[in-house]
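# One predicted model, sequence on top.
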Amino acid sequence: MICADGIAQDAITLSTGEYRHAPTPVIAGTLNGTIVYENTRTFAGLFSAPGLGVILSDDLTTTEPFGCEMVSYELLVAGTGGGMFDVHVELWNGDPCNGGVLITGTESDWPDLPANGSPQTLRQSFTDPVVVPGIVWMRVGFSTSTSGWVIAEEAETGHTGNFFSLERTATNLCSLFFFGPGPPFPYSGFWATLECDLPPPPKGACCNDEACQEISESECSGIWRGTGSTCSPNPCEPTYLGFDNRFLTGTFLPIVFSTQVADDIRLSTGALPCELAQYELSVTGTLGTPSFGATLELWTNDPGPDGVISIDDRPALPIPGTRAAFAGIQSDQHTQRLATPTFPSGTVLPAKFWIVVSTTTGSSGPVTAGLGEVGSSEDGYARNTGTWEPGLNFGGFSPTNCPGGTGCTPAGSFRSRVFCYGESARGACCDGDLFQCSDDELRNQCSGRWSFNRACTPDPFEPPCRAPFCPQKGGVIFMDPPDGVIDARQPHPIVDFVPRQGIQVLTVQAPSGADDECFTLCETRVDGFANGIAAVFEGPLGIYTIILDRAITPSAATTLTYEGDGSEGTFIFHSGNVNGDSVVNALDVIVAVDCMEQFSHTQTCSSATLYQLDMDHSGVTNALDLLRLLDLLNGAGTYSRMIGSPLPQGPCP
């Protein structure tokens, strides 16, 4: 049930529970630290009452990708119906439904809260800070069926995905659900805040053209030269980026003491020749370990015995005059950008070289990154323990849930930049966000992919500028649900059209690294608003979780297509069609009785039969499902009469 005026009944899709009004919250108390996550804007004062034995969990992505020392958290709850209710809260390091683990010491209980319709701000403070990762899941349970968690919009600080987990303790079932179809229904997460004990932001030189200010990186609208850099001497001579890899994964590579690691760098063609002005590398250290020092140096490239530039290359010799040393770096798991001093002109870099780094502790090292925005880097790095060992990597790049989340995989590259004196060449620029190409752009002004001395016609990019990247190498398997499944269950509760129920989360095996746009959806029937894909997550590599805007449409065939090779998976929602034939009729009742007996006694029915037998979505198969099947066949309550209805045909055009 949705109680807010002017909201469509299908505004939020849930498998159970109710949505109720909560008054506008009032936040009391003083802050104990710096807010790293905040989601406190409510829409129509709704809260979710999931029911007894049902637990809600929401993802909270903080502003600190490497984690921080939490000093407090808050959430907003409410209850109706009179009497009292209790709340239990825990923080987890991942989705409790998908491998997450409880963060010890974060459990809290609030008993005897008044169920009078007023919001209750629950705040837990910690005298001894608790170390939490960059993405936290808040897990909340309630003692009554009319109490729940207040729903909020987009997070003001940090981020939350437009989904949540819902656990049913009695049946040990746990699923991921989507909040709603988007605007004008801006639900995205539950009301919550996290505060951490953070150091003040470091200051450094900020260059706006040739003007210099010593301010923090967040205050700098130009090029920030790194922690501790100064404006004397002025580091802001005219330069451009010959290499730029600033994608933040939220992971780093600890270096064994007395070992060097190195990342290969290939300059943009528009940067050649590059006369070195400055370079930088991002590093960090494990929270609570001693401060550390780092030494950086650029090396030339050895292409190996085959003489071809490839993944088996290794560092050859140091480039004279490029060494820089740093001391006293704090191990607080905050990204530290080590910017070298500005080098005198005269050092011309080769097209490919290496940035080599060593640290003074085994708990510190370079921050890992993505594929590179200017120039390129192989998906690999090298390690020197007496001789250089090339070709090490992290298994392929995946940006899903970056920074710091499950499935975020670096590209075997370090987070670094190289500046060259002068002005870069011109060429075609493919905007990384809009997929639009423009001619005669300077390399240092292009925010996406760039091609030296080329025009947009014909398209010089591979993959093309105006198309998503959909690799074709590798098979496609529609894992759960499988291709061709027939969902015979109820489309919604018998007395109301909401919440919509049915298949809403799909698991697909496909080539790794595909863009979200590589997956498309169509349905043979539009019921209310058109269905679509709300989110795509890759993790582990090559396994995609696809969340739809809502459950697939009843009496329709829904087709998911992978555009890389045109593979299609079709899922049919035909309530009452237990035996999966061409029509719903009395035979479905006979098959249901036979299979329910078999399922109950011998456990030989396959797991797929739950799509045919669990009519009420309870997670178990019993006589109540047989009664619900009769309701579906005869059109009881708010159901359409299904007996005699033909099997929906697919795939859709």
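Noted; the coordinates are in hand.

# Which residue lies nearest the spatial centre of this structure?
Asn401 (2.3 Å; C-alpha atoms, centre = their mean).

# got a list of what Pro202 touches?
Pro202 is in contact with 216-217, 227-228, 336, counting by C-beta atoms under 8 Å, 6 or more residues apart in numbering. Any C-beta I mention is one placed from the backbone N, CA and C, and that applies to glycine too.

# Restricted to helices, list those.
Within the contacts of Pro202, no residue falls in helices by DSSP state H.

# And for Phe126, the neighbour number?
Using other C-beta atoms under 10 Å, Phe126 has 18 other residues around it.

# Relative to Pro96, how far out is it?
21 Å (C-beta to C-beta, to the nearest Å).

# Please apply the same query to Thr360.
Look at Thr360 and Pro96: by C-beta to C-beta, they are 39 Å apart.

# more neighbours, these two?
Pro96 (19 against 16).

# Which residues are in contact with the more buried one?
Pro96 touches 55, 57, 137, 139, 165, 167, 174, counting by C-beta under 8 Å, 6+ apart.

# can you put those residues in a markdown table and add pLDDT?
Formatted as a markdown table, those follow (pLDDT from 0 to 100):
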| residue | pLDDT |
| --- | --- |
| Ile55 | 92 |
| Ser57 | 93 |
| Trp137 | 95 |
| Arg139 | 96 |
| Ser165 | 87 |
| Glu167 | 87 |
| Cys174 | 79 |
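
# Narrow the residues you listed to those that are buried.
Applying 16 or more other C-beta atoms under 10 Å to these, the neighbour count classes 55, 57, 137, 139, 165, 167, 174 as buried.

# Tell me the bridge partners for the fourth one.
I take that to be Arg139. For Arg139, the beta-bridge partners are Ser57, Glu90 (DSSP bridges).

# What are the neighbouring residues in contact with it?
With C-beta under 8 Å, 6+ apart, Arg139 has these contacts: 55-57, 89-92, 96.

# Redo those as JSON lines? Include distance to Gly566.
As requested, the contacts of Arg139 are exported to JSON lines (distance: C-beta to C-beta, whole Å):
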{"residue": "Ile55", "distance to Gly566": "41"}
{"residue": "Leu56", "distance to Gly566": "39"}
{"residue": "Ser57", "distance to Gly566": "37"}
{"residue": "Val89", "distance to Gly566": "47"}
{"residue": "Glu90", "distance to Gly566": "44"}
{"residue": "Leu91", "distance to Gly566": "43"}
{"residue": "Trp92", "distance to Gly566": "39"}
{"residue": "Pro96", "distance to Gly566": "37"}
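
# Can you tell me which of these is nearest Ala152?
Closest approach to Ala152 among those (C-beta to C-beta): Leu56, at 12.8 Å.

# in the stretch 1-150 of the chain, which spans are helices?
With DSSP state H, counting those that start in this stretch as the definition, the stretch 1-150 of the chain shows no helices.

# Quick check: which ranges of it have low pLDDT?
For the stretch 1-150 of the chain, applying pLDDT under 70 flags the ranges 1-32, 43-45.

# hey, where'd the strands end up in it?
Assigned by DSSP state E, counting those that start in this stretch, the strands in the stretch 1-150 of the chain fall at 18-21, 34-39, 42-49, 54-61, 68-79, 84-92, 108-114, 120-132, 135-142, 147-152.
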